[in-house]
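>>> Give me a model of this one.
(4 chains)
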4 protein chains.
Amino acid sequence: MAVDSGAWRGTASAVATLTFDVDAETPILAAGGRYSRHLTTMSHQAYGPDVGVPRILDMLDELEVPATFFMPGWVAEKRPHLAASIVERGHEVAHHSYSHRTATDMTEQDQRDDFERALAVFASQGIEVSGYRAAMWQTTATTMELLAEHGLSYDSSMMADDRPYLLKLGDTDVVELPVHWSLDDWEQYAFLPEPFVGGIIEAPSKVFDLWRDELDGMSEYGCLFNLCLHPFLTARPGRLAVVRRLVEWARERGDISFERCRDVASRVAEVGGVREVYPAHTEIDPDTYPD
Amino acid sequence: MAVDSGAWRGTASAVATLTFDVDAETPILAAGGRYSRHLTTMSHQAYGPDVGVPRILDMLDELEVPATFFMPGWVAEKRPHLAASIVERGHEVAHHSYSHRTATDMTEQDQRDDFERALAVFASQGIEVSGYRAAMWQTTATTMELLAEHGLSYDSSMMADDRPYLLKLGDTDVVELPVHWSLDDWEQYAFLPEPFVGGIIEAPSKVFDLWRDELDGMSEYGCLFNLCLHPFLTARPGRLAVVRRLVEWARERGDISFERCRDVASRVAEVGGVREVYPAHTEIDPDTYPD
Amino acid sequence: MAVDSGAWRGTASAVATLTFDVDAETPILAAGGRYSRHLTTMSHQAYGPDVGVPRILDMLDELEVPATFFMPGWVAEKRPHLAASIVERGHEVAHHSYSHRTATDMTEQDQRDDFERALAVFASQGIEVSGYRAAMWQTTATTMELLAEHGLSYDSSMMADDRPYLLKLGDTDVVELPVHWSLDDWEQYAFLPEPFVGGIIEAPSKVFDLWRDELDGMSEYGCLFNLCLHPFLTARPGRLAVVRRLVEWARERGDISFERCRDVASRVAEVGGVREVYPAHTEIDPDTYPD
Amino acid sequence: MAVDSGAWRGTASAVATLTFDVDAETPILAAGGRYSRHLTTMSHQAYGPDVGVPRILDMLDELEVPATFFMPGWVAEKRPHLAASIVERGHEVAHHSYSHRTATDMTEQDQRDDFERALAVFASQGIEVSGYRAAMWQTTATTMELLAEHGLSYDSSMMADDRPYLLKLGDTDVVELPVHWSLDDWEQYAFLPEPFVGGIIEAPSKVFDLWRDELDGMSEYGCLFNLCLHPFLTARPGRLAVVRRLVEWARERGDISFERCRDVASRVAEVGGVREVYPAHTEIDPDTYPD
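Numbering: from 1, shown residues only, chains lettered A, B, ... in the order given. Below is the predicted model of the structure:
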């Protein structure tokens, strides 16, 4: 396969994108509308946009780091000033579905409706979105079609590499900024018994170790350190310190650049030199692998 | 949203409330009355009030820290001298439901009966309760009505902030002293295969790290460090040392005050300057989020 | 409740009992006889008696520490020289059911048959057993009857205290040497996907921290450090070092005595001064807690 | 039972075999062919052979360590140059089933077909395989028959010891190079919600501690440090550093030799002095253990 030329990194040994998935109530409601009547659970999710986002924006100002906020259309609709409050501070807002339902569980039509409804919400608020991250990071052939049809410049939901690559979608190329479970705060912190979303609460000191080791390794291999954070999880005081320490660690190293996803994506599109991947179904024999 | 003035903290950078949920057998019995015949499981729960509480009371005396004990009415009834033994040492006893069943799984009438039955038990024992914590921290619209109707001065079951806030309930305000999964010993220590209540046993050294980091972070952001401990879990010798070290850590810092929940709540009510939250159902479209 | 006089500890600040549950294949077969055809799973369990026990016996010789081995009758029957090989080295073999099925899932008659069948196996091998530990630590009213009827001098399956106590069973007293999930290697190391017996593999360094902190705490509170180890888990080379380091740690402290369970139990019976517990069903109202 | 003479280790205190299970998409497809339409999940698995294997091969070159790659026939078929690219670098490719379905869930005929189909794939590619590792490490009586019939020189799927042993299969002996859950990266790193393959992501620093402690212990007891790594998990930059540090640790010790499985197996067959194990069904009474 094509070798990664590293041109997309410029002079940095690795590029870091701080991304915040502002899910608010959506992942819970996607598990069942009835959870809207579970007031504590709703309050747990509301903490994200209401307490977390302002606190994060202040920290980013202080650290002078630009970031990308993936937001479901439903969240932008319910809190009509939220997306603008982020863009005003110089950060990017990007498409994170409308309802945060999982594409692999939806009909093709529902996937289309959900995708386009979010685009309409952002358009109505004057928010220009150029990138997409699938809810639950689950993508389908329909996702690929929608990315191409609507001219998104990048996706950030797949894992075939730890460096940006090109999704070859018919006549269209979409830049993939890959994610990974190990660079997600959900697996480290999310705890909720019903709906069950996770059952482990790690100490911030462990999470710092995990991410710092990955950052150091990624610097060696010239990767994209694409960190996925959730305001309802990471804005808790003891956890926010992990993000701050990580940025400071990178600054001390001196060879990591922090960028918004759209800026990385447009440089990748411009300079090229990355892998090309054709995200088709893996062809399988149903005798070997029944559906 | 309204900014938190911090007046409720007085001169402290953060306020710490040590709270003990004296659940005894109730969370197990709520999962099935048949567990009353599982003698080992019952003995595991009885350790809390019978061995744990006296040990905790001695430690609190030694540390000169006041605390709040949330107790189901059923526990107060079965051990009629327990609540008084706590109040006599200068601590607060508060309402923690009657049976520790989960409100979101109960009819409205059952919620009312359970709530009021506990009030009757405490009244009959001369225990004045002014605050409430929902079983499993699960609250509903009915919970809100009951808090207002019965004139409770505070609730401690929700998570919309990490600073106290006002629950606006019709004509009534109730102070919310928010909790969080990360400041609960259950997620760190609880292990029981049947009924399953948790499957991980962390080392006390990890838990100390977790809570100390949160305390330090909360001091920076001016929060309420509302620690939730269970005598059947935390009174084990190696774990009790975590609480002791945490109090010592806060003392060394010098800027953390330790208080009973009711004292925090009445100061919040008096000085104000906190957020106001209207805990209504999140309105949802059933086409987007089926029940 | 009666205060613990501490007389049972003699001059030690805490007493440590190293106990090994030699379960071999039984917990797996109790989940389904079909697992006998899963050869890898069977080999995983056989490691315990075949590789683990001889290695443990050598280590105990080296450390000069006596220990107690709880063994299901089925295991003693299938490996007819195993129990004797342990007793010959100065250790105790005790009753750990016949089949390792869970008492709370069995009829009263099946519990009796299983209990008595193991007694017959040990008698036929000339192994004198004086103590009992329930499979899965699950005890019932029938367990209590059987302990009393058969004149066992102690049980080690319950958790109402962290110091020995007296089970008051009609006219008979049986010493309880309490266990706890946090002093069991199963929760730290056991991993098997099917039948699922656990899904976490901790580092030995974490487990050492956990147990050393508990040992230190138990020394402060005058407890029984009743450690439960499984040869198929703990005899792995990196894990055995935890036991060795723990014994060395205790030796350095100088105030911990290591004893066999039967010796602790007979001293408790002799000097008294421990709590008395009546292990009856917790009485419950089925309206509050349906079965 | 027969004592291990240690002759198979030569002058080393322990022998280390770095093994990589190049599963790619197979464990996911074995859980359901429908997952072929989950594009993110497929990309997560493709990372293994496409990014991971080349990176691992470079690291092994740099460290000058030979390794063994267990590969399902399906993977060799779909990526026809993969097996050769490994063998060319001096490493071993071995049989890891065709489809990675679990033998204990398959009919005898399906087990045979699957086993033989993989042999045909490797033969057609000119890859000589002399050893076998069962998918999911699950073996059956049929597995034993197939090993003997096809003259495999070793198996590496069982756990009756932590030193090589002889599987006595009728007239044939097959060397067993035992594995163990604690020396597998899956339990430490694998995370995938659907199909669920694991829910914990540990920090590399923890995993290093775990494996180093086991390596040190195994050196004391003269064992086979048979490490099982998955390219889709371990080739992530921060995790690859664990393998590198481990090799460096062993080099510093100076008493550990690194070898390919086939070389260990042929020396075991040659010098003998290991345990002999007859892997028959454990005979059980269905009254005690219903199927």
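>>> For the residue of the stretch 151-291 of chain A found nearest chain B, give its distance to residue A:58.
Chain B sits closest to residue A:237 of the stretch 151-291 of chain A, with a gap of 2.7 Å, by C-beta to the nearest C-beta. Yep, even glycine has a C-beta here, placed from its N, CA and C like the rest. Here the criterion is C-beta to C-beta, to the nearest Å. By it, residue A:237 lies 13 Å from residue A:58.
>>> ok, these two, which is more surrounded?
Under the criterion of other C-beta atoms under 10 Å in any protein chain shown, the comparison of residue A:237 against residue A:58 puts residue A:237 first, with 23 against 12.
>>> wait, that one sits on residue B:221?
Yes: with contact defined as C-beta atoms under 8 Å, residue A:237 reaches residue B:221; the gap is 4.8 Å.
>>> Spit out the residues that contact the two alike.
Each of residue B:162 lies in contact with both residue A:237 and residue B:221 under the rule C-beta atoms under 8 Å, 6 or more residues apart in numbering or on different chains.
>>> for the longest strand anywhere in chain A, packing partners?
Ordering each strand of chain A by length in residues (DSSP state E) puts strand A:14-21 first. Judged by 3 or more C-beta pairs under 8 Å, 6 or more residues apart in numbering or on different chains; DSSP states H and E, strand A:14-21 is in contact with helix A:53-63, strand A:68-71, helix A:204-221, strand A:224-229, helix A:237-253, strand A:256-258, helix A:261-271.
>>> Point out the most buried one among those.
Highest mean neighbour count of the helices and strands packed on strand A:14-21: strand A:68-71, a mean of 27 (counted as mean count of other C-beta atoms under 10 Å in any protein chain shown).
>>> partners of it, with directions?
Within its sheet, strand A:68-71 is paired with strand A:14-21 (parallel), strand A:92-95 (parallel), according to DSSP bridges.
>>> List the buried residues in stretch A:150-163.
A:152, A:153, A:154, A:155, A:156, A:157, A:158, A:159, A:160, A:161, A:162, A:163 (16 or more other C-beta atoms under 10 Å in any protein chain shown).
>>> Mind picking the one among those residues that's closest to chain C?
Nearest to chain C among the buried residues of stretch A:150-163: residue A:159, at 22.8 Å, using C-beta to the nearest C-beta.
>>> Just give the nearest non-adjacent residue to the closest one, would you?
Among residues not flanking residue A:159 along the chain, residue D:44 sits closest, at 4.2 Å (C-beta to C-beta, 6 or more residues apart in numbering or on different chains).
>>> Would you confirm that residue A:37 contacts residue B:279?
No: contact criterion C-beta under 8 Å: residue A:37 and residue B:279 do not qualify, at 11.2 Å.
>>> More neighbours: which of the two?
Using other C-beta under 10 Å as the criterion, residue A:37 and residue B:279 rank with residue B:279 on top: 24 against 17.
>>> Make sure I have this right: the more buried one is in a strand.
No: under DSSP: H, G, I helix; E, B strand; the rest coil, residue B:279 sits outside any strand and is assigned coil.
>>> Do I have it right that it meets residue B:165?
No: counting by C-beta under 8 Å, residue B:279 sits too far from residue B:165 to count as a contact (10.0 Å).
>>> which residues touch the nearest residue to residue A:12 once chain neighbours are set aside?
Nearest residue to residue A:12 in three dimensions, chain neighbours excluded: residue A:257, at 4.1 Å (C-beta to C-beta, 6+ apart). If you count contacts by C-beta under 8 Å, 6+ apart, residue A:257 has them with A:9, A:10, A:12, A:15, A:16.
>>> before we move on, back to that, output the strands paired with strand A:68-71 in JSON lines, with mean neighbour count and mean pLDDT appended to each entry.
Output for the strands paired with strand A:68-71, formatted as JSON lines (neighbours: other C-beta atoms under 10 Å in any protein chain shown; pLDDT from 0 to 100):
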{"stretch": "strand A:14-21", "mean neighbour count": "26", "mean pLDDT": "98"}
{"stretch": "strand A:92-95", "mean neighbour count": "25", "mean pLDDT": "98"}
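>>> Of these, which is nearest residue A:184?
Across these, residue A:184 has its closest neighbour in strand A:14-21 (8.8 Å, C-beta to C-beta).
>>> Outside of stretch A:97-113 itself, which residues are in contact with it?
Contacting residues not belonging to stretch A:97-113 are listed as A:23, A:26-27, A:29-30, A:72-74, A:114-115, A:117-118, A:121, A:134-136, A:138-140, A:142-143, A:146, B:288-289, D:37-38, D:194 [C-beta under 8 Å, 6+ apart].
>>> hmm, which of these are the buried ones?
Among the contacts of stretch A:97-113, those classed as buried by 16+ other C-beta under 10 Å are A:23, A:26-27, A:29-30, A:72-74, A:114-115, A:117-118, A:121, A:134-136, A:138-140, A:142-143, A:146, B:288-289, D:37-38, D:194.
>>> check contacts around the residue sitting furthest away from the middle of chain A.
Outermost residue of chain A with respect to the C-alpha centroid, by C-alpha atoms, centre = their mean, is residue A:287; its distance is 36.5 Å. Contact partners of residue A:287, counting by C-beta under 8 Å, 6+ apart, are absent.
>>> Quickly find the element holding it.
Using DSSP states H and E, residue A:287 falls within no helix or strand.
>>> quick one: it and chain C, what's the gap?
24 Å (C-beta to the nearest C-beta, to the nearest Å).
>>> who's in contact with the closest residue to residue A:66 other than its chain neighbours?
Distance criterion C-beta to C-beta, 6+ apart; nearest residue to residue A:66, sequence neighbours excluded, is residue A:260 at 4.8 Å. Residues in contact with residue A:260 (C-beta under 8 Å, 6+ apart) are A:17, A:66, A:67, A:68, A:91, A:92.
>>> Mind pulling up the pLDDT for residue A:260?
You'll see residue A:260 listed with a pLDDT of 98.
>>> separation between it and chain C?
38 Å.
>>> repeat for residue A:228
Residue A:228 is 24 Å from chain C, by C-beta to the nearest C-beta.
>>> Residue of chain A closest to chain C, please.
Taking C-beta to the nearest C-beta as the measure, chain A has residue A:200 as its residue closest to chain C, at 9.4 Å.
>>> ok, that residue - contacts?
By C-beta under 8 Å, 6+ apart, residue A:200 lies in contact with A:187, A:188, A:191, B:187, B:200, D:199, D:200.
>>> Residue A:121 and residue A:73 touch, don't they?
Yes: the pair residue A:121 and residue A:73 passes the contact test of C-beta under 8 Å, sitting 3.9 Å apart.
>>> before we move on, back to that, show me the two of the contacts of residue A:257 that sit farthest apart.
Largest separation among the contacts of residue A:257 by C-beta to C-beta: A:10 and A:16, giving 12.9 Å.
>>> picking that back up, now distance to residue A:170 too, for the strands paired with strand A:68-71, in CSV please.
Below are these laid out as CSV (distance: least, C-beta to C-beta, whole Å):
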stretch, distance to residue A:170
strand A:14-21, 27
strand A:92-95, 20
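>>> circling back to that earlier point, tell me which entries of the buried ones among the contacts of stretch A:97-113 lie within helices.
A:26-27, A:29-30, A:73-74, A:114-115, A:117-118, A:121, A:142-143, A:146 (DSSP state H).
>>> nearest to residue A:87, of those residues?
The closest of those to residue A:87 turns out to be residue A:121 (C-beta to C-beta; 14.1 Å).
>>> Count the neighbours of residue A:171 for me.
The number of residues packed near residue A:171 is 6, by other C-beta under 10 Å.
>>> which ones are touching it?
So residue A:171 contacts residue A:148 (C-beta under 8 Å, 6+ apart).
>>> And for residue A:130?
Taking C-beta under 8 Å, 6+ apart, we find residue A:130 in contact with A:92, A:94, A:152, A:153, A:154, A:262, A:265.
>>> what's across from the first one in the sheet?
With DSSP bridges as the criterion, residue A:92 is bridged to residue A:68.
>>> Great, nothing more from me.
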